[in-house]
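Undergrad: model this:
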Amino acid sequence: MASLRRLVSRTSISLSRVYCNLGFGGTCRSYNAVNSAPLKLEEDTRAEMGGNSSLDTDEIAKIRQEFDAAKQSFLKIPEALKGMPKMNPQGIYVNKNLNLDNIQVYGFDYDYTLAHYSSNLQSLIYDLAKEYMVNEFRYPEICMNFRYDKDFPIRGLYYDKKNGCLLKLDFFGSIEPDGCYYGRRKLSLNEIKHIYGTRHIGRDQARGLVGLMDFFCFSEACLIADIVQHFVDAKLEFDASYIYQDVNCAIQHVHRSGLAHRGILSDPCKYLVKNGQLLHFLRMLREKGKKLFLLTNSPYYFVDGGMDFMLEDSLGCRDSWRELFDVVIAKANKPEFYTSEHPFRCYDTERDTLAFTKVDKFLPGRIYYHGCLKSFLQITKWNGPEVIYFGDHLFSDLRGPSKAGWRTAAIIHELEALSQRLSWL
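TA: All right, here's what the predicted structure looks like:
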């Protein structure tokens with residue numbers, strides 16, 4: 001019996017190796033390891049049990065047969081996946097049920113939620129930022145030759161201000177093997193361990209990281225990498241923290257000065273993507289008696305120009321997109337909006353001025369600036385569980401509202417692109 005228990009134990013270990021080695025990314029080396037396991041199992045067992053019993057031989061043959069069957073099942077998984085039904089890129093997939101009958105109020109961010117942008121936007125921000133760095137910070141003139149690379153940055157990166165590396169971290173705070181770049185050069189695992197000691201980012205190291213989380217950070221990440229690479233190639237000494245400080249300042253200037261907004265509105269066909277279903281969706285919510293509000297960090301003139309362009313083929317000549325919303329709030333300064341106690345101010349669209357009178361109710365057709373969540377809830381009397389807010393940014397759009405009891409919905413464009421690629425397999 002003891003021998004049989006050891007036999008079963010070894011079989012479990014061998015089968016565990018099959019599960020580990022026969023993944024989707026398995027290599028020839030992994031398959032070789034699996035092929036040798038039954039032979040070693042048989043030899044060890046024969047030696048231990050004397051190799052004389054025909055019953056033992058039958059048991060070993062049976063186990064080996066089951067092992068080979070399990071192995072073949074794993075080898076057939078890639079083919080089985082090809083036969084699965086294709087994903088619907090327009091489908092809705094959930095990991096938590098939500099009864100929309102209980103939702104009475106729908107809130108929306110503007111950028112990358114109601115408004116979708118083409119890849120040309122990143123090039124625009126990138127070019128404006130590099131010009132600012134050359135003209136204002138006196139960076140080398142050769143930087144003007146840099147071009148935005150749409151295939152380089154991804155969302156969710158970190159920049160290490162101490163070592164000058166762009167990092168992609170997993171859920172546990174470890175550097176992804178293919179996600180560490182110094183300039184435009186990908187570092188090997190040995191180089192990563194030489195710099196950080198290990199792939200895991202410790203608490204002290206994390207203090208030197210800055211997040212580049214949303215779509216507007218694509219151009220920032222690319223520009224940082226290009227400047228680091230230029231200094232490396234030119235064999236110039238540099239401080240990685242100053243590069244981040246200068247690039248970030250330039251990117252912020254592009255947004256806050258209105259350069260990016262004016263550039264987009266000057267040629268909306270180049271930068272904005274029209275969505276013929278947007279108006280239908282918003283009107284459908286209104287017809288069902290739902291309340292709608294718009295809460296964005298962008299200035300009103302930019303939102304107004306973009307919404308007019310996106311809905312110009314659907315709205316009548318006398319209609320305004322503002323009639324779709326019960327409340328419109330611009331320059332909200334999220335995520336501070338959720339924690340501050342800033343008052344709302346009414347914005348005069350004709351004079352481009354802000355009123356000084358206290359806002360204690362939201363009037364139809366008016367535009368409001370700044371404000372805070374506390375005042376918003378006091379004025380509207382909209383309870384948290386009956387409100388859902390749509391946005392694309394984890395911190396600015398989703399974390400703050402969820403703490404207030406709002407439901408939140410993430411607009412994740414990468415998942416749409418992924419589902420489309422899977423549907424083509």
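Undergrad: Could you measure from the residue nearest the centre of the chain over to Lys168?
TA: What sits nearest the mean C-alpha location of the chain, by C-alpha atoms, centre = their mean, is Arg155, with 4.9 Å. Distance, Arg155 to Lys168, using C-beta to C-beta, to the nearest Å: 10 Å. In this view, the C-beta of every residue, glycine as well, is placed from N, C-alpha and C.
Undergrad: With Phe215 instead?
TA: Phe215 is 16 Å from Lys168, by C-beta to C-beta.
Undergrad: list the buried ones in the biggest strand by length in the chain?
TA: Longest strand in the chain by number of residues, with DSSP state E as the criterion: strand 175-182. Buried residues in strand 175-182, counted by 16 or more other C-beta atoms under 10 Å: 175, 179-182.
Undergrad: Next: stretch 394-404.
TA: Under 16+ other C-beta under 10 Å, the buried positions of stretch 394-404 are 394, 396-398, 400-401, 404.
Undergrad: Give me the distance from that stretch to the chain's centre.
TA: 15 Å (C-alpha atoms, centre = their mean, to the nearest Å).
Undergrad: what does stretch 314-329 give?
TA: With C-alpha atoms, centre = their mean, you get 30 Å for stretch 314-329.
Undergrad: Repeat that for stretch 99-113.
TA: 19 Å.
Undergrad: now do stretch 288-302
TA: The answer for stretch 288-302 is 23 Å, by C-alpha atoms, centre = their mean.
Undergrad: With only the CA atoms kept, save that stretch in PDB.
TA: The C-alpha trace of stretch 288-302 is given here as PDB (Å, rounded to 0.1, in the frame of the first residue of the first chain):
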ATOM      1  CA  LYS A 288     -37.400  56.600 -21.000                       C
ATOM      2  CA  GLY A 289     -37.500  59.400 -18.500                       C
ATOM      3  CA  LYS A 290     -33.900  59.200 -17.400                       C
ATOM      4  CA  LYS A 291     -31.900  62.200 -16.200                       C
ATOM      5  CA  LEU A 292     -28.600  63.000 -18.100                       C
ATOM      6  CA  PHE A 293     -25.600  65.100 -17.100                       C
ATOM      7  CA  LEU A 294     -22.200  65.900 -18.600                       C
ATOM      8  CA  LEU A 295     -19.200  66.200 -16.300                       C
ATOM      9  CA  THR A 296     -15.900  67.000 -18.000                       C
ATOM     10  CA  ASN A 297     -12.600  68.700 -17.400                       C
ATOM     11  CA  SER A 298     -12.600  70.300 -20.900                       C
ATOM     12  CA  PRO A 299     -13.700  73.900 -21.400                       C
ATOM     13  CA  TYR A 300     -17.200  74.600 -22.700                       C
ATOM     14  CA  TYR A 301     -16.200  76.000 -26.100                       C
ATOM     15  CA  PHE A 302     -14.200  72.900 -26.900                       C
END
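Undergrad: Which residues does that stretch contact?
TA: Contact with stretch 288-302 is made by 103-111, 114, 258, 261, 264-265, 282, 285-286, 303, 324-334, 337, 347, 349, 352, 367, 369, 382, 389, 396, as judged by C-beta atoms under 8 Å, 6 or more residues apart in numbering.
Undergrad: Can you tell me which of the buried residues of strand 175-182 lies closest to Tyr148?
TA: Among these, Tyr181 lies closest to Tyr148 (C-beta to C-beta), at 15.7 Å.
Undergrad: wait, that closest one sits on Leu187?
TA: Yes. Taking C-beta atoms under 8 Å as the definition, Tyr181 is a contact partner of Leu187 at 6.7 Å.
Undergrad: Now for these two: what residues contact both?
TA: Cys165.
Undergrad: quick one, what contacts Ile367?
TA: 300, 322, 328-330, 346-347, 349.
Undergrad: who does Asp348 bridge with?
TA: Thr353 (DSSP bridges).
Undergrad: That one contacts Thr357, doesn't it?
TA: No. Asp348 is not in contact with Thr357 according to C-beta under 8 Å; the separation is 11.5 Å.
Undergrad: Neighbour count: these two, which is higher?
TA: The neighbour comparison of Asp348 against Thr357 (other C-beta atoms under 10 Å) goes to Asp348, with 12 against 7.
Undergrad: Could you report the pLDDT at the more buried one?
TA: Among the per-residue scores, Asp348 holds a pLDDT of 93.
Undergrad: same deal with Ile411?
TA: Value for Ile411, per-residue pLDDT: 80.
Undergrad: close enough to count as contact, it and Leu394?
TA: No. Ile411 is not in contact with Leu394 according to C-beta under 8 Å; the separation is 11.4 Å.
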